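J.: below is the structure, and that's it, no one-letter string:
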């Protein structure tokens, strides 16, 4: 559980609610189902319209990374690469074939198989970096749907505000209905701007940060495998890899 994400979300929402109370307002005035429907439904529709189905699905699934981030263990990977380099140095690259069966990550297994098959260091790097580039682009596209939602929701909030004002203008002859229309107008704006700056944009930035760490981990793996293929000293490989995560 990513505690800082939980604390940040609670703190942001609590600050707004507490500010409303301190200003003498009522919490009920912030609860407007109509405004919520306009902002959330409109934003969701806009994001779905701009995104391919698979990208939208992946983006929704990635949302869990905000509170339960993907596991990144650079020190464990460095230890594994160091062990593989020592095996290759003592017994040859073919001795690493037994290690492939123990690997759960398909990308790592592919890199190891290329290494065992005797791929040249530069060719090995080229093949794996192409896959990293495609994988990174896919993850970023999925994460950026949240960034898009942060761009759309304030505008949808303004649309909700205008709709509320239209409702007010249509009922000028009935003062009893003016208050609800004005409330929807202003609360829709709050929902749109608040959702963008407290939820959508922060979620996008956190997801992109996790993507960057995952990509760096794979780049570190590629560097280690290339070092093994080049016959570098295991200590030199380990020392170089330590610089990826400081």
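T.: Happy to help now that I have it. Treat the numbers as computed from the prediction; the structure is a model and nothing was measured. Numbers count the residues shown, from 1 in each chain.
J.: in three-state terms, label the residue of the chain positioned farthest from its centre for me.
T.: The C-alpha centroid of the chain is most remote from residue 173, which lies 49.7 Å away (C-alpha atoms, centre = their mean). For residue 173, the secondary structure call by DSSP: H, G, I helix; E, B strand; the rest coil comes out as coil.
J.: now residue 244
T.: Note that with three-state DSSP, the state of residue 244 is coil.
J.: give me the pLDDT for it.
T.: For residue 244, the model assigns a pLDDT of 86.
J.: ok, now residue 48?
T.: For residue 48, pLDDT reads 95.
J.: give me the residues contacting the helix or strand hosting residue 38.
T.: Per DSSP states H and E: residue 38 is located in helix 33-50. Residues outside helix 33-50 that contact it (C-beta atoms under 8 Å, 6 or more residues apart in numbering): 56, 145, 148-149, 152-153, 156-157, 159-160, 163-164, 184, 187-188, 190-192, 195, 200. Bear in mind the C-beta positions are built from the backbone N, C-alpha and C, glycine included.
J.: check stretch 3-13 too.
T.: 66, 67, 198, 199, 202, 206.
J.: what about the fifth one, neighbour count?
T.: Burial of residue 202, expressed as a neighbour count using other C-beta atoms under 10 Å, amounts to 18.
J.: before we move on, what about the fourth one?
T.: Close neighbours of residue 199, defined as other C-beta under 10 Å, add up to 18.
J.: residues contacting it?
T.: residue 9.
J.: ditto for the one 4 residues further on
T.: For residue 203, the residues meeting the contact criterion (C-beta under 8 Å, 6+ apart) are 63, 66, 146.
J.: grab the nearest non-local neighbour of the residue nearest the centre of the chain.
T.: Nearest residue to the geometric centre of the chain (C-alpha atoms, centre = their mean): residue 207, 1.7 Å. Leaving aside its sequence neighbours, residue 207 sits nearest to residue 143 (C-beta to C-beta, 6 or more residues apart in numbering; 3.8 Å).
J.: so which helix or strand takes in that neighbour?
T.: Per DSSP H and E: helix 121-170 holds residue 143.
J.: so how far is the helix holding residue 38 off the chain centroid?
T.: 21 Å (C-alpha atoms, centre = their mean, to the nearest Å).
J.: how does the chain divide into domains?
T.: Per automatic domain parsing, the structural domains of the chain span 1-31, 32-246.
J.: mean pLDDT lowest where, among these?
T.: domain 1-31 (a mean of 80).
J.: dump the residue contacts of the residue nearest to residue 207.
T.: 59, 62, 204, 207, 208, 211 are the contacts of residue 143 under C-beta under 8 Å, 6+ apart.
J.: so how far is residue 47 from the first one?
T.: The gap separating residue 59 from residue 47 is 8 Å, by C-beta to C-beta, to the nearest Å.
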